[in-house]
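# Curious how this folds, go ahead:
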Amino acid sequence: MADARIDEIDAQLIRRLQVDGRRPYTQLAREVGLSEAAVRQRVQRLLDSGVMQIVAVTDPLQLGLHRQAMILIKVEGDVRDVAAELSAFDEVDYLVLTAGSVDILAEVLVHDDDALLELLNDRIRKVPGVVGTESVIYLRLTKQTYAWNIP
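Next up, the predicted model:
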């Protein structure tokens, strides 16, 4: 997939929406010096092209998800098949294919340690192709950002 081409105005819009995705088009237009219609068209183009999405970000603790972990997974066979099966698990919120000592990183959110044990032992380790796992338990989240440095 080719890199999306964005100009400085697009970058400004993205930066502002990263801070507040509900910011009104009228306010964005004033801030970047365009008409509201032009801003609306630019934002829609950025959404349609997949450059950005606007979503609600939740606090897992407030939702009763008190255990968060990164599961490092070793795979035998086609890593894409294993990733496809793991991505269907509701508890998996982030899944990455990697190169190195493990093949997949899966971030999971569950209610408690019993739920994590059930997920690991009864589901992830039973996925065909999974040959090993290592769990990194999150103790405290100290930073999470969705505002990347946009060139």
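# Can you list the neighbours in contact with the helix or strand bottoming out on mean pLDDT in the chain?
In the chain, no helix or strand scores lower on mean pLDDT, DSSP states H and E than helix 8-19, which sits at a mean of 94. Identification of contacts with helix 8-19 by C-beta atoms under 8 Å, 6 or more residues apart in numbering yields 6, 23, 28, 31-32, 34, 39, 42-43, 46, 51-52, 54, 146-148, 150-151. Quick note: C-beta positions are derived from backbone N, CA and C, even for glycine.
# Send me the next helix or strand after it as CSV with only the CA atoms.
Next helix or strand after helix 8-19 toward the C-terminus (DSSP states H and E): helix 25-32. Below are the C-alpha coordinates for helix 25-32, written out as CSV (Å, rounded to 0.1, in the frame of the first residue of the first chain):
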residue,chain,number,x,y,z
TYR,A,25,-15.9,21.8,11.4
THR,A,26,-16.6,25.5,11.9
GLN,A,27,-13.9,25.7,14.6
LEU,A,28,-11.4,23.7,12.5
ALA,A,29,-12.1,25.9,9.5
ARG,A,30,-11.2,29.0,11.5
GLU,A,31,-8.1,27.4,12.9
VAL,A,32,-6.7,26.3,9.5
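# Which strands and helices lie in contact with helix 25-32?
Counting contacts by 3 or more C-beta pairs under 8 Å, 6 or more residues apart in numbering; DSSP states H and E, helix 25-32 is packed against helix 8-19, helix 36-48.
# now for those, which one comes closest to residue 136?
helix 8-19 (27.0 Å; C-beta to C-beta).
# Tell me how far the closest one lies from the chain's centre.
On the basis of C-alpha atoms, centre = their mean, to the nearest Å, helix 8-19 sits 19 Å off its chain's mean C-alpha point.
# could you give the angle of that helix to helix 25-32?
Orientation check (axes from the mean of the first three to the mean of the last three C-alpha atoms, to 10 degrees): helix 8-19 against helix 25-32 gives 130 degrees.
# got the buried residues for helix 8-19?
Neighbour-count burial for helix 8-19, counted by 16 or more other C-beta atoms under 10 Å, picks out 10, 12-14, 17.
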